[in-house]
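Asker: After the sequence you'll find the predicted model.
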Amino acid sequence: MSKPRILIARAMFPETIEKLSEYFEVESNQEDIAWSQDEFARHLQDKQGVFTTGSDRIDADLLAKCPQLKICANMAVGYNNFDLAAMTAAGVLGTNAPGVLNETTADFGFALLMAAARRVSESEHWLRAGQWDRWRYDLFAGTDVHGSTLGIIGMGRIGQGIARRGAHGFGMQVIYHNRSRLDAATEAECKARYVSKEELLRTADHVVLVVPFTPESRHTIGASELAMMKPTATLVNVARGGIVDDVALAAALKDKRIAAAGLDVFEGEPKVHPDLLTVPNIVLTPHIASASMATRLAMADLAADNLIGFLIHGKPLTPLNQEVMGGGDSIGA
Ligand SMILES: NC(=O)C1=CN([C@@H]2O[C@H](COP(=O)(O)OP(=O)(O)OC[C@H]3O[C@@H](n4cnc5c(N)ncnc54)[C@H](OP(=O)(O)O)[C@@H]3O)[C@@H](O)[C@H]2O)C=CC1
Ligand SMILES: O=C(O)C(=O)[C@@H](O)[C@H](O)[C@H](O)CO
C-alpha cells in the first residue's frame, strides 16, 4: 500500500524528517525557500498532511487548492496562522504543540523582563560604542525585579510558569488578568491574585503579556493602556505581534511614559517598526522565546506525532477542531 503524502513547509530537524519518512512520502522545504502562497499551494496540492510553523498561513484560498489535505500540524502552540473556521468548513484538522514549550518560554519571558528592567541591552550597546569612560552613581540605574509587583495578562500554561518564577524565585507579588479566573489551587501555587486589567496596569511594576492572538486580544496594549502604567514600569511581550500597538509603545518609550520594554514578537514580523529600532530602552529579539534545542525538538516531535497519530492511527494528540473527525470511522488514511 502506498504511503500518505505530506509536506514539511520549512527546513526542519533531520531526525524529524527521518521519523516522518517511516510513515509518509515526505516532501520537505529543506532549503527553507520563502514560498509565496501560490507556491505553497503548488507543493501542497497533492498532499494529505502538512507540517507547518507559526509563519505558514493556512487560509480558505489555500485550502480550496488542496482538496486532498486532511491535517495541518503546527509546530507552535499559537495557531493564529490557521483560519480554523475555514479549515473546519473544509474538513481539515488542525493541531498545535501545547505544553512542551512552557518552561523554556517562561524562562525567556523572565530573561526579557530582567534585561529590560535592568537595562542590560541598552548598557551593552553603550559600552560597545566605546562610551564608558568612568563610573557614575546613576549609570544605567533601572528598576528592581525582586520584591516588585508582576502583572501577567494571559495566565495560562506559560503565564503560570512566569508567575511561579516571579513568586518563588524573586519574591514578587503576582497579579494576573484573564477573561476567567483560575481555580484556587492554581492561584495558590502561583501565589497570584486575580485583578481587572485596569488594576493590573495601574499597579504592576512589570507587565508580561502571554495571551493568544485573536481579534479580541489585538492591541490589548495601546496608547490608553500605556498611559495607565507606572512611569517606572516594564512591558514584556512574548505572546504575538499585534497584541501591543507597536507605534504607541515606541512613542511611550520615547517620551519616557514607561521605563522599558522587552519584545520577542512584532506586528508584521519579521519586519520591525522603525520607531522601535530607534528607542534605546527596549530589548528586541527575533521570536525566539521557545528556542532551546531540546524544546524545539520536542515541538517538532509533537507536530510529527500529530501527523502520524491522525493519518496513520486516526488519533491526533492535540487537536484544535476535533469536530471535523466526526463520531464515526476514523478519517485517518
Ligand atoms: N514568543 C514565542 O516564541 C512564543 C509565543 N507563544 C504565545 O503564547 C500564547 C500563550 O500560550 P499558552 O500559555 O500555551 O496558552 P494558554 O491557552 O495556556 O493561555 C492563554 C491564557 O490567555 C488567557 N486569554 C485568552 N484570551 C484572552 C483575552 N482576550 N484577554 C485576557 N486573557 C486572555 C486565557 O484565559 P481565558 O481564556 O480565561 O481568558 C489563558 O489563561 C500562544 O498562543 C502563543 O501565541 C507561545 C510560545 C512561544
Ligand atoms: O509556539 C508558538 O506559538 C511560538 O510562537 C513559537 O514557539 C515558535 O517559535 C513559532 O511559532 C514557530 O513555529
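Answerer: Arrived safely, thanks for sending. Numbering: from 1, shown residues only. Ligands and ions are numbered 1, 2, ... in the order given.
Asker: Near ligand 1, which residues of the protein are found?
Answerer: 77-78, 98, 101, 105, 153-159, 177-180, 210-213, 216-217, 238-240, 264-265, 287, 289-290 (C-beta under 6 Å from any ligand atom). To be clear about C-beta, it is placed using only N, CA and C from the backbone, and glycine gets the same treatment.
Asker: where does the closest residue to Gly159 other than its chain neighbours land on pLDDT?
Answerer: The shortest distance from Gly159 to any non-neighbouring residue, by C-beta to C-beta, 6 or more residues apart in numbering, is to Val210 (4.2 Å). Model confidence at Val210, expressed as pLDDT, equals 98.
Asker: Give me the phi and psi for Val210.
Answerer: phi -140, psi 40 (degrees, to the nearest 10).
Asker: burial count for it?
Answerer: 27 (other C-beta atoms under 10 Å).
Asker: so how far is His168 from it?
Answerer: Counting by C-beta to C-beta, to the nearest Å, the gap between Val210 and His168 amounts to 18 Å.
Asker: same deal with Ala11?
Answerer: Noted for Ala11: a distance of 38 Å to His168, by C-beta to C-beta.
Asker: go on, His43?
Answerer: In this view, His43 and His168 are 47 Å apart by C-beta to C-beta.
Asker: for whichever helix or strand Gly109 is part of, packing partners?
Answerer: Element membership of Gly109 [criterion: DSSP states H and E] is helix 102-117. Packing contacts for helix 102-117, counted by 3 or more C-beta pairs under 8 Å, 6 or more residues apart in numbering; DSSP states H and E, involve helix 157-164, strand 206-209, strand 234-237, strand 260-263, strand 282-284, helix 293-311.
Asker: Which residue would be the closest one in this protein to ligand 2?
Answerer: Gly54 (2.4 Å; C-beta to the nearest ligand atom).
Asker: For that residue, which non-adjacent residue is closest in space?
Answerer: If the residues on either side of it in the chain are set aside, Gly54 comes closest to Ala76, at 3.9 Å by C-beta to C-beta, 6+ apart.
Asker: Pick out the residue of the stretch 51-200 of the chain closest to ligand 1.
Answerer: Residue nearest to ligand 1 within the stretch 51-200 of the chain: Gly156 (1.7 Å; C-beta to the nearest ligand atom).
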